[in-house]
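J.: Here's a sequence, model it:
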Amino acid sequence: MEKRRFGSTDMEVSVLGFGGAEIGYQGATEKEVTALFESALEAGLSVIDTAECYMNSEELIGNTISHRRHEYYLFTKCGHASGMQGSDWDPVMLAAQIDRSLMRLKTDHVDVIHLHSCSEEILQQGAVIEVLQHAKQAGKTRYIGYSGDGKAALWAVQSGLFDSLETSVNIADQEAIELTIPKALERGMGVIAKRPIANAAWRSGSLPDDEYARPYYHRLQALNYDFLNGKVSDSIAKALRFTLTVPGVNTAIVGTAKPHRYRENVEMAAQGSLSAEDFQTIRSRWHEVAKSDWVGLI
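T.: This next block holds a predicted model:
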């Protein structure tokens, strides 16, 4: 699988990464998760991305694959109290939460800790950033980042305090392509694309049950890209390749509960970047149709 330099860090990451949300939210068993990781690593994925609020995702990762820690880069997110004492973004809670994440993941450090979608106001206060900086100084994480969208993400990028940005970017969510990603690229930040296939919101042809996919479904109805009317696997491939074609994107996080999907996703990514014409067609359609409130979705 293709690898890309992760900003100005010393990491070369696979263009696809393992998303840890599904294994937590869907109640996967350790046996199922083991099969998922074996499939992902065999397919060449070298990034695992999770978060404190993805139910028991961190624990599942620690219990099933911590013995192979040298084979992947480990990213997690922090900020939501998620069962700990204190409120979201409380610095004392946050420091304790980082230690809990390391314990759950069964490792002494992660490669990146991202602040998980806190507001611009909280970022400007600085206390949460100091917690991450202290964690970095203590060797608990190699790098620190911000995960989010919109004005808060822009502030994080322009602050110069973070090593990476994790943000939503896909055929139905293109705000970051102009707002933040170019600026992150200029500053040598690693860029992680989340929701890179827009939750495949068009897959069933009707409004998805997943509430996170519904805004994308409505947007895609208006965008009406021609390629979404063809074979579903082909449309997903084109959507994924669009995200990977965005200048500055280093890796795209894909989540699934089905082991074979990672091999399929790798085959899609192996088709390479979209042609300049295809990429620009999607971008032009966005500029023609997108409404002012079509901002990046958390």
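J.: which residues in the stretch 1-150 of the chain form strands?
T.: Taking DSSP state E, counting those that start in this stretch as the criterion, the stretch 1-150 of the chain carries its strands at 3-5, 12-14, 16-19, 47-49, 73-78, 110-116, 141-147.
J.: Looking at those strands, spot the one closest to Leu223.
T.: Of all the strands of the stretch 1-150 of the chain, strand 16-19 sits nearest to Leu223, with 23.8 Å by C-beta to C-beta. C-beta: built from backbone N, CA, C; applies to glycine.
J.: got a list of contacts for the closest one?
T.: Strand 16-19 has contacts (C-beta atoms under 8 Å, 6 or more residues apart in numbering) with 1, 36-37, 40, 43-49, 72, 75, 192, 194, 251-256, 262, 265-266, 269.
J.: CSV please, covering the strands of the stretch 1-150 of the chain and showing mean pLDDT and mean neighbour count.
T.: Compiled in CSV, the strands of the stretch 1-150 of the chain are given as follows (pLDDT from 0 to 100; neighbours: other C-beta atoms under 10 Å):
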stretch, mean pLDDT, mean neighbour count
strand 3-5, 97, 14
strand 12-14, 98, 20
strand 16-19, 96, 26
strand 47-49, 97, 26
strand 73-78, 98, 26
strand 110-116, 97, 26
strand 141-147, 98, 25
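J.: Give the bridge partners for the spatially most central residue of the chain, please.
T.: Closest residue to the average C-alpha location of the chain: Lys194 at 3.2 Å, with C-alpha atoms, centre = their mean. Beta bridges link Lys194 to Ser168 when assigned by DSSP bridges.
J.: Isn't it up against Ser147?
T.: Yes - Lys194 is in contact with Ser147 according to C-beta atoms under 8 Å; the separation is 7.4 Å.
J.: so what sits against both of those two?
T.: With C-beta under 8 Å, 6+ apart, Lys194 and Ser147 have common neighbours 166-167.
J.: out of the strands of the stretch 1-150 of the chain, which comes closest to Asn229?
T.: With respect to Asn229, and counting by C-beta to C-beta, the nearest of the strands of the stretch 1-150 of the chain is strand 16-19 at 25.6 Å.
J.: Mind listing the strands the closest one pairs with, and their directions?
T.: strand 47-49 (parallel), strand 251-254 (parallel).
J.: in whatever helix or strand comes next after the last one, what's buried?
T.: Remark: after strand 251-254, the chain's next helix or strand is helix 260-269, criterion DSSP states H and E. Within helix 260-269, the residues that qualify as buried are 261-262, 264-266, 268-269, counting by 16 or more other C-beta atoms under 10 Å.
J.: Out of the strands of the stretch 1-150 of the chain, which is closest to Val246?
T.: Among the strands of the stretch 1-150 of the chain, strand 3-5 sits nearest to Val246 (C-beta to C-beta), with 12.0 Å.
J.: roughly how far out does the closest one sit from the chain middle?
T.: 16 Å (C-alpha atoms, centre = their mean, to the nearest Å).
J.: contacts for that strand?
T.: By C-beta under 8 Å, 6+ apart, strand 3-5 touches 11-15, 46, 250-251.
J.: What is the nearest of those to Gly83?
T.: Nearest member of the contacts of strand 3-5 to Gly83, counting by C-beta to C-beta, is Thr251, at 28.9 Å.
J.: What distance do you get for the closest one to Leu165?
T.: 12 Å (C-beta to C-beta, to the nearest Å).
J.: Which neighbours do the two have in common?
T.: Ile192.
J.: Next, find the distance separating the closest residue to Leu60 other than its chain neighbours from Arg285.
T.: With C-beta to C-beta, 6 or more residues apart in numbering as the criterion, Leu60 has its nearest non-adjacent residue at 4.8 Å, and that residue is Val33. If you measure Val33 against Arg285 using C-beta to C-beta, the figure is 38 Å.
J.: Of these two, which one has the most company?
T.: Each of Val33 and Arg285 has its neighbours counted (other C-beta atoms under 10 Å); Val33 has more, 24 against 17.
J.: I'd say Arg69 and Asp108 touch.
T.: No - judged on C-beta under 8 Å, Arg69 makes no contact with Asp108 at a distance of 9.4 Å.
J.: Mutual contacts of these two, please.
T.: Counting by C-beta under 8 Å, 6+ apart, nothing touches both Arg69 and Asp108.
J.: out of these two, which sits in the busier spot?
T.: Per other C-beta under 10 Å, whichever of Arg69 and Asp108 has more neighbours is Arg69, with 17 against 10.
J.: who are the neighbours in contact with that one?
T.: By C-beta under 8 Å, 6+ apart, Arg69 lies in contact with Thr107.
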